[in-house]
Structures are given as structure tokens and as C-alpha cells.
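Engineer: sequence plus the predicted model coming up.
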Amino acid sequence: MMNTKERLKEYWDAVISNRIPPHAHFHKVEDEIKEHYSLLVWAWKSFLLPLIALYLILGIVFHNHILGSLFLSLLVFFYSNFLPDADVLVNRPENNERKSLWYELYFLLCLAPIFLFYVMKGRANPLYTEKPKPFHNFSAAIIWGAFLLIVSSLFWPDDTLKKLMLPLFGIAGFSFHLMVDGILNFFWMKNRPDTDRDKK
Ligand SMILES: [Zn+2]
């Protein structure tokens, strides 16, 4: 893995960086891609791989066919990884606007695509809260997990393993975003690669 990463960086430096004129500010994009690549490798090794292995082992132990739901759980992981940034749709009240109720905010959190649909049709009421970045905390991850538990209970009412794994993947994806943003830090996550965001 390490070698692939180094090779990609070398390739990037040799082939792309040297050809970009110095006045073009591409280095920022370049840094972002390098940063994301190392984070992706790190996420794969310390997050997804153990989680997938756990699911596969439990599937074998309980004689459960989990491949379909594993695929679904992976999709949920990637989706959850972007979800905390849904709070860019929540504004700070500046002219005495009515502050949104908690369930209005969590409707956005749990059903972001539906909310977005209404935003695009111009039919969504703007949301307001005093709290900066309301979804960038672990309680939002837990609420998201609880919502996924309801969904998975509807999908697999008699299958405890599948019922529990979907929210677990969701919380993991959500937490991964919080870790990249430097909000969450677990002791076994200390070897996370440095990102630009840490330096700000
Ligand atoms: Zn974020």
C-alpha cells in the first residue's frame, strides 16, 4: 500500500506538477488530492477493512448470507461520510428568524436527499440554528445510527446481525468524517495522517 502511495506521489510530482506553470495555483488541488489519497488508504486499513472482516466472520459464525447487506452497508458508509456537511444548509439566525425545532434539523440529517429535493424545487423552509455546524458532533452520529436502526429493522425484522451492522457502518462513516475534520479522536486513531485542516 505504502509503495503505491509513494509511486502515485512521484508520478504526480514528475508528470503533473512540473508541467503546471508556477503562476497557476494548482498546488492547492494537488495537495488536496494527495491528502485525500493518504486519508483514503488510512480509512481503508483502520476502519473499513476491520469492519468488513468482522461482518464476514459474524456471517460465517451465524451461517448468515451477508454479501448483499454488506454491499448495502458499504454504500451507507460512503454516504454517511459526506452527511455531516449537510449542515451547510442550516443558517445562523441574523434577523430574528425563527429557530428551527430539533426535529426539523434531524429531518434534514436523516432524509437529506428529500430535503435537497425540496430545496431545489424552492419549497423548503430555510433552517436556522444558533449552533455552529450542528451535525459536526458525535450525538448527530448517534441519531443517524438510530435512524438507520429503524430502517434496518424494517428491512430485516428477524435478522439481528444485519439489523445491527447497517447502523454500525453508518456511524463509522459519519465518525470518519468527524475524525478527518479533527472533531473526534479515538486513541487507536492517533496515526491518522496529518491534513491541512489540522494546521488551520
Ligand atoms: Zn465536515
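Structural biologist: Structure received. Given the structure is predicted, the values throughout are model-derived calculations rather than measurements.
Engineer: mind giving me the packing neighbours of the helix or strand hosting Leu161?
Structural biologist: Element membership for Leu161 (DSSP states H and E) is helix 160-180. If contacts are counted by 3 or more CB pairs under 8 Å, 6 or more residues apart in numbering; DSSP states H and E, helix 160-180 sits against helix 49-61, helix 67-82, helix 138-155. To be clear about C-beta, it is placed using only N, CA and C from the backbone, and glycine gets the same treatment.
Engineer: mean confidence score for the second one?
Structural biologist: So the one you mean is helix 67-82. Averaging pLDDT along helix 67-82 gives 92.
Engineer: follow-up on the earlier one: list the buried residues of the helix holding Leu161.
Structural biologist: Buried residues in helix 160-180, counted by 16 or more other CB atoms under 10 Å: 161-180.
Engineer: and this structure, which residues reach the ion?
Structural biologist: For the chain, the contact set with the ion under CB under 5 Å from the ion comprises 84-85, 181.
Engineer: nearest residue to the residue nearest the centre of the chain other than its sequence neighbours?
Structural biologist: In the chain, the centroid-proximal residue (CA atoms, centre = their mean) is Asn81; its distance is 1.0 Å. Nearest non-adjacent residue to Asn81, counting by CB to CB, 6 or more residues apart in numbering: Gly173, 4.3 Å away.
Engineer: wait, isn't the one you found in contact with Tyr79?
Structural biologist: Yes - using CB atoms under 8 Å, Gly173 is in contact with Tyr79, at 7.0 Å.
Engineer: contacting residues around the residue nearest to Leu149 when sequence neighbours are not counted?
Structural biologist: Spatial nearest neighbour of Leu149, chain neighbours left out: Pro167 (4.5 Å); criterion: CB to CB, 6+ apart. When contacts are counted by CB atoms under 8 Å, 6 or more residues apart in numbering, Pro167 touches 145-146, 148-149, 152.
Engineer: measure Pro167 to the ion for me?
Structural biologist: 20 Å (CB to the ion, to the nearest Å).
Engineer: ok, now which ones touch the residue lying closest to Cys110 once chain neighbours are set aside?
Structural biologist: Closest residue to Cys110 apart from its sequence neighbours, by CB to CB, 6+ apart: Phe147 at 4.3 Å. By CB under 8 Å, 6+ apart, the contact set of Phe147 is 106, 109-110.
Engineer: recalculate using a threshold of 10 Å.
Structural biologist: 106, 109-111, 167, 170 (CB atoms under 10 Å, 6 or more residues apart in numbering).
Engineer: got the residues you listed as TSV, with pLDDT columns?
Structural biologist: Below are those laid out as TSV (pLDDT from 0 to 100):
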residue	pLDDT
Tyr106	93
Leu109	94
Cys110	95
Leu111	93
Pro167	97
Gly170	96
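Engineer: out of these, the closest to the ion would be?
Structural biologist: Closest to the ion out of those is Leu109 (13.3 Å), distances taken as CB to the ion.
Engineer: quick one, whichever strand or helix holds Tyr118 and helix 67-82 angle?
Structural biologist: Assigned by DSSP H and E, Tyr118 falls within helix 112-120. With axes from the mean of the first three to the mean of the last three CA atoms, to 10 degrees as the basis, helix 112-120 and helix 67-82 are set at 50 degrees to each other.
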